[in-house]
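Asker: predicted model and sequence below, questions to follow.
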Amino acid sequence: MKLFRARSAVALVAATSFLLAGCAATTTEATSTTASCDGVEVVVNFGILDGTNSSQCIEITGSSAKAIDVVHDAGFSTEGTATYGDAIVCRVNGLPSPTEPVVVEGQAEFTESCADMPPAYAYWALWQKSSDAASWDYAQAGLGDLTVKKGESLGLVFTTGDSTPTPVVE
């Protein structure tokens, strides 16, 4: 039974890492977003949270960088969960607040503790796309393990309700 629980926990982390939302040192620099980004475009949409949406191109040294480093170099702080670390994004720039309730229509209010998995109706979704012309896809790894390449885009969207919107460039 313990083996089943351990395998279930590993499967849960793997599945939620790509549904929700660094090792190599990189040098990055923020530049304004244009139609084409020679680095990695970082898009953050706060949804119902009181944050400022952003889209910017982050230049990287080399051909790839850890996603968490690129997001931090774009000026965003992130916090993972106690259980899953940086595999799950719990907060971006301190949001959702650890002291103020999150209100999602049709759901019970809650205050995000970042102890475990966020609720399925209010979480940070991690998105990735391979080029300007590509479609957004759920990231296949958590922010702490994901590597992005020049020309790719990385998106964090605070998602509420039953559907998960893709990132919107502001």
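Answerer: Done, it's in. Numbering: from 1, shown residues only.
Asker: what strand or helix carries residue 69?
Answerer: Per DSSP states H and E, residue 69 falls inside helix 67-73.
Asker: just the CA trace of that helix, in PDB.
Answerer: Output in PDB follows, covering the C-alpha atoms of helix 67-73 (Å, rounded to 0.1, in the frame of the first residue of the first chain):
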ATOM      1  CA  ALA A  67      12.600  29.000 -16.600                       C
ATOM      2  CA  ILE A  68      12.600  30.000 -12.900                       C
ATOM      3  CA  ASP A  69      15.700  32.200 -13.500                       C
ATOM      4  CA  VAL A  70      14.200  33.900 -16.500                       C
ATOM      5  CA  VAL A  71      11.000  34.700 -14.600                       C
ATOM      6  CA  HIS A  72      13.000  36.100 -11.700                       C
ATOM      7  CA  ASP A  73      15.200  38.100 -14.100                       C
END
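Asker: not counting its own residues, what contacts the helix or strand just after it?
Answerer: Following helix 67-73 in sequence order, the next helix or strand is strand 78-79 (DSSP H and E). With contact meaning Cβ atoms under 8 Å, 6 or more residues apart in numbering, strand 78-79 is reached by 68, 71-72, 86, 89-92, 94, 114, 143. (Glycine included, C-beta is placed from N, CA and C.)
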